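> Sequence and computational prediction follow.
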Amino acid sequence: MKKVFSDGYVYDSAERKFKTANIITDGEIIESIGSETLQDECEIIDCKNKYIIPGLVDVHTHGRAGYDFNFASPYEIDIMRMSYAGTGTTTLMATLATSPLEDLLKSADRINGKRSAVPGMATIAGIHLEGRYLNPEKKGAHAPELLSPPDDGQIDTLLERMSPLPIHVSAAPELDKNGKFIETVISFGATYGIAHTNATYEEAENAVKRGARSFTHTFNCMRAIHHREPGCAVCSILNNNAYSEFICDGEHVRPEMIVMASKLKPRNRFVLVTDSMEAAGCADGEYSIGGLPVNVKNGKATTFDGALAGSTLDLFHALKNYMRFTGLSLEEVIPAASSNPADMVGISDVCGRLLPGLRADLLILDSKEEPKIIDIYAAGGKFPRER
């Protein structure tokens with residue numbers, strides 16, 4: 001049945017402003033946006049004085065609701081998809097941490113079996129491989145004994161098994177001495193992010209010239225900024241072509257650093273991610289990420305040697321934190337959690353904006369100043385928000 005979301009303030013991603021309009025959806029797809037109305041054989045949703053924004057897109061998340069994409073069964077993946085939708089994230093890239101090669105191949109098979117859009121559930125757009133090809137000096141919460149030097153033959157096998165696209169690969173470019181690894185990733189049609197790296201500014205800049213599309217969780221697991229060697233993090237902030245991910249929870253990156261980055265980074269290249277792990281949406285306790293034991297206390301996830309181990313953040317709260325830290329308006333920050341990440345991994349033809357022909361993923365908010373989610377529609381189906 002067609003739905004008409006009537007008289008709402010509809011967010012225009014291109015102009016970064018709200019405009020009064022009706023949205024008509026037909027099944028899973030947005031049919032039109034404008035003044036047109038339908039009265040016969042359709043459901044009318046009154047959105048007067050409410051704000052309609054695109055469903056959020058998380059391109060870096062390892063899990064939530066007690067489960068991890070490295071190990072989750074098909075049934076558990078569906079539980080996660082429901083939980084993501086309930087927090088306003090309607091599209092995600094299932095992110096795999098470092099594991100043995102055979103385990104990664106099995107994980108890819110389970111994830112790919114759950115990539116079809118289902119009304120009311122978040123859609124898994126593809127796979128983000130954040131593992132194996134990382135610098136041991138910046139391992140973070142990845143098991144060092146499972147890390148591997150960049151291997152273009154091995155990544156070719158993984159990319160074949162993880163298909164169809166999109167696939168996003170995070171790796172340390174300074175370990176790829178001849179550039180063959182990044183060349184293989186890009187020639188396959190996947191995107192490449194600079195991650196868990198001790199790269200110098202020059203090494204990071206060269207990786208972008210070779211085709212790196214993004215910087216994974218900027219500042220975290222990167223060379224520290226120094227006035228004589230600014231390092232990868234400064235390259236992330238100053239490079240106007242590549243996208244930069246940020247975990248905006250106030251723990252991974254201090255608010256002052258988010259403020260600095262938001263002033264220097266082009267708005268259309270600023271990407272919010274959660275890097276969430278299985279404890280997201282759960283009580284404090286003992287969990288794991290990619291099989292590595294993690295303790296969660298007061299919502300903060302750390303390994304038992306004290307390293308941050310993902311987050312318990314959801315993307316809507318990251319969006320509100322971004323507003324609070326920087327003083328930016330809702331209109332200014334929405335792209336960081338919707339159109340920008342969709343553009344980064346090449347899925348803007350299906351999600352990330354409110355446009356005819358795209359998937360009917362939308363959030364209905366009560367206000368602009370202190371926004372709360374009233375209703376969530378994922379692939380055209382309504383899902384009640386978490387309370």
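Received it, and whenever you're ready, just let me know what you need.
> Test my guess that residue 239 contacts residue 205.
Yes: counting by Cβ atoms under 8 Å, a contact exists between residue 239 and residue 205, whose distance comes to 7.1 Å. No exception for glycine: its C-beta is placed from N, CA and C like everyone else's.
> quick one: low-confidence parts of the protein?
Within the chain, the segments meeting pLDDT under 70 span 39, 385-387.
> quick one, domains of it?
Domain segmentation of the chain under automatic domain parsing yields 2-52+355-383, 55-345.
> re the thing from before, who has more neighbours, residue 239 and residue 205?
Neighbour tally, residue 239 and residue 205, criterion other Cβ atoms under 10 Å: the higher count belongs to residue 239, 21 against 18.
> residue contacts, the more buried one?
Taking Cβ atoms under 8 Å, 6 or more residues apart in numbering, we find residue 239 in contact with 205, 208, 215.
> If we use 7 Å, what do you get?
Residues near residue 239 by Cβ atoms under 7 Å, 6 or more residues apart in numbering: residue 208.
> Distance of it relative to residue 215?
8 Å (Cβ to Cβ, to the nearest Å).
> before we move on, what about residue 6?
41 Å.
> quick one: which of the two has more around it?
A count of neighbours by other Cβ under 10 Å puts residue 215 above the other of residue 6 and residue 215, at 31 against 16.
> The chain: helices as residue ranges?
Under the criterion DSSP state H, the chain carries helices at the ranges 74-86, 101-112, 152-162, 180-188, 201-210, 231-238, 255-264, 315-326, 330-333, 339-345.
> With respect to residue 277, which of these lies nearest?
Using Cβ to Cβ as the measure, helix 74-86 is the one of those that comes nearest residue 277, at 11.5 Å.
> Tell me which other helices or strands that closest one touches.
Helices and strands touching helix 74-86, as assessed by 3 or more Cβ pairs under 7 Å, 6 or more residues apart in numbering; DSSP states H and E, comprise strand 63-64, strand 67-68, helix 101-112.
> just checking, what packs against the second one?
So the one you mean is strand 67-68. Applying 3+ Cβ pairs under 7 Å, 6+ apart, we find strand 67-68 packed against helix 74-86.
> cool, and the last one?
Applying 3+ Cβ pairs under 7 Å, 6+ apart, we find helix 101-112 packed against helix 74-86, strand 89-96, strand 123-130, helix 152-162.
> what are the phi and psi angles of the nearest residue in space to residue 98 that is not next to it in sequence?
Counting by Cβ to Cβ, 6 or more residues apart in numbering, residue 98 lies nearest to residue 131, which is 3.5 Å off, once chain neighbours are set aside. Dihedral pair for residue 131: phi -180, psi 160, per degrees, to the nearest 10.
> thinking residue 131 is in contact with residue 95, fair?
No: the pair formed by residue 131 and residue 95 falls short of the contact definition of Cβ atoms under 7 Å, at 8.8 Å.
> Same drill for these two, tell me which one is more crowded.
Summary of the neighbour comparison: residue 131 and residue 95, criterion other Cβ under 10 Å, with residue 95 having more neighbours (31 against 26).
> so that one bridges to which residues?
Under the criterion DSSP bridges, residue 95 forms beta bridges with residue 128.
> where does it sit relative to residue 286, distance-wise?
The gap separating residue 95 from residue 286 is 21 Å, by Cβ to Cβ.
> What of residue 118?
Counting by Cβ to Cβ, the gap between residue 118 and residue 286 amounts to 32 Å.
> okay, these two: which has more neighbours?
Between residue 118 and residue 286, counted using other Cβ under 10 Å, the more crowded position is residue 118 (17 against 10).
> Excluding chain neighbours, what is closest to the more buried one?
residue 379 (6.2 Å).
> pretty sure that neighbour is touching residue 125, no?
No: between residue 379 and residue 125 there is no contact, the gap being 11.7 Å when judged by Cβ under 7 Å.
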